[in-house]
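Colleague: could you look at this predicted model? Sequence included:
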Amino acid sequence: EAGVVQSPRYKIIEKKQPVAFWCNPISGHNTLYWYLQNLGQGPELLIRYENEEAVDDSQLPKDRFSAERLKGVDSTLKIQPAELGDSAVYLCASSLTARADTQYFGPGTRLTVL
Amino acid sequence: SQQGEEDPQALSIQEGENATMNCSYKTSINNLQWYRQNSGRGLVHLILIRSNEREKHSGRLRVTLDTSKKSSSLLITASRAADTASYFCATDALEIQGAQKLVFGQGTRLTINP
């Protein structure tokens, strides 16, 4: 079974530029999560999708961050414009349902903003 | 915000020794989970213990939970070089809708020396 796929794995951009991250969850998983992980810290939830609906985006900085999950499968997380403080690893995870015990994580995208 | 406080932040032991990591949390939980993260990779689910359980085993892993002290410990016995990784505890906050929302600790960086 293929795991959660994320791309790109690494991204280096200059501040004020836009950037987008893509995630393909495990087939059949209807819940998808985007997390932010700063260096030396645990992941923090940005947004959770159940199918195509964003049901928890309370931690998403909506002035510059946006996300979508068209057709309830793949998802894209966008930052526009990026700031220096956005440098971090962006992790995508999926679970069978929102009540499932286990979340399955992708390898993450490491973003460096110069 | 992160609920879990993990102790120690870093641990270095010799191969074959046992490694113990501790996690404390602040609010009532439904369950507590431990995840492993190898350098540059996503998180991998290791074990889950429910609030009505006190101890759980999985292979070389042993997890305990003390809800009165709001703490948990992860013991890895007979450590191997491949156990070198960061270990995170994650507590769930059962939402009104019943969805699981994980809150991660800051992690313990474990190094196994050959």
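Modeller: Good, I have the coordinates.

Colleague: for chain A, what lies in contact range of chain B?
Modeller: A:4, A:31, A:40-45, A:48, A:50, A:55-56, A:91, A:93, A:95, A:98-108, A:110 (C-beta under 8 Å from any C-beta of the partner chain). For glycine as for every other residue, the C-beta is placed from the backbone atoms N, C-alpha and C.

Colleague: ok, residue 22 - contacts?
Modeller: Assuming you mean chain A. Under the criterion of C-beta atoms under 8 Å, 6 or more residues apart in numbering or on different chains, the neighbours of A:Trp22 are A:Gln6, A:Ser7, A:Asp74, A:Ser75, A:Thr76.

Colleague: right idea, wrong chain: chain B
Modeller: Applying C-beta under 8 Å, 6+ apart, the residues near B:Asn22 are B:Glu6, B:Asp7, B:Ser71, B:Ser72, B:Ser73, B:Leu74.

Colleague: can you flag the buried ones in these?
Modeller: Those of the contacts of B:Asn22 that meet the buried threshold are B:Glu6, B:Ser71, B:Ser72, B:Ser73, B:Leu74, by 16 or more other C-beta atoms under 10 Å in any protein chain shown.

Colleague: contact partners of stretch B:54-71?
Modeller: Applying C-beta under 8 Å, 6+ apart, the external contacts of stretch B:54-71 come out as B:22-26, B:28-29, B:32, B:34, B:46-49, B:51, B:53, B:72-78.

Colleague: repeat that for 6 Å
Modeller: B:24-25, B:32, B:47, B:49, B:51, B:72-78 (C-beta atoms under 6 Å, 6 or more residues apart in numbering or on different chains).

Colleague: next one: stretch A:70-87
Modeller: Around stretch A:70-87, the neighbours that count as contacts under C-beta under 6 Å, 6+ apart are A:13, A:15-24, A:32, A:34, A:51-52, A:64-69, A:111-113.

Colleague: and the residues you listed, which of them are buried?
Modeller: Listed as buried from these are A:13, A:19, A:21, A:23-24, A:32, A:34, A:65-67, A:69, A:111, A:113; burial here means 16+ other C-beta under 10 Å.

Colleague: which of these sits closest to B:Phe104?
Modeller: Closest approach to B:Phe104 among the buried ones among the contacts of stretch A:70-87 (C-beta to C-beta): A:Trp34, at 13.9 Å.

Colleague: if I look at B:Ile27, how far off is B:Ser72?
Modeller: One correction, residue B:27 is Thr, not Ile. Using C-beta to C-beta, to the nearest Å, one gets 14 Å for the distance from B:Thr27 to B:Ser72.

Colleague: okay, the lowest-mean-pLDDT helix or strand in chain A in CSV with CA atoms only?
Modeller: The weakest-scoring helix or strand in chain A, judged by mean pLDDT, DSSP states H and E, is strand A:53-56 (a mean of 90). C-alpha atoms of strand A:53-56 as CSV (Å, rounded to 0.1, in the frame of the first residue of the first chain):
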residue,chain,number,x,y,z
GLU,A,53,-14.7,20.1,3.6
ALA,A,54,-12.2,22.0,5.8
VAL,A,55,-13.7,21.2,9.3
ASP,A,56,-10.9,22.7,11.4
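
Colleague: what residues of it count as buried?
Modeller: For strand A:53-56, burial by neighbour count (16+ other C-beta under 10 Å) applies to A:Ala54, A:Asp56.
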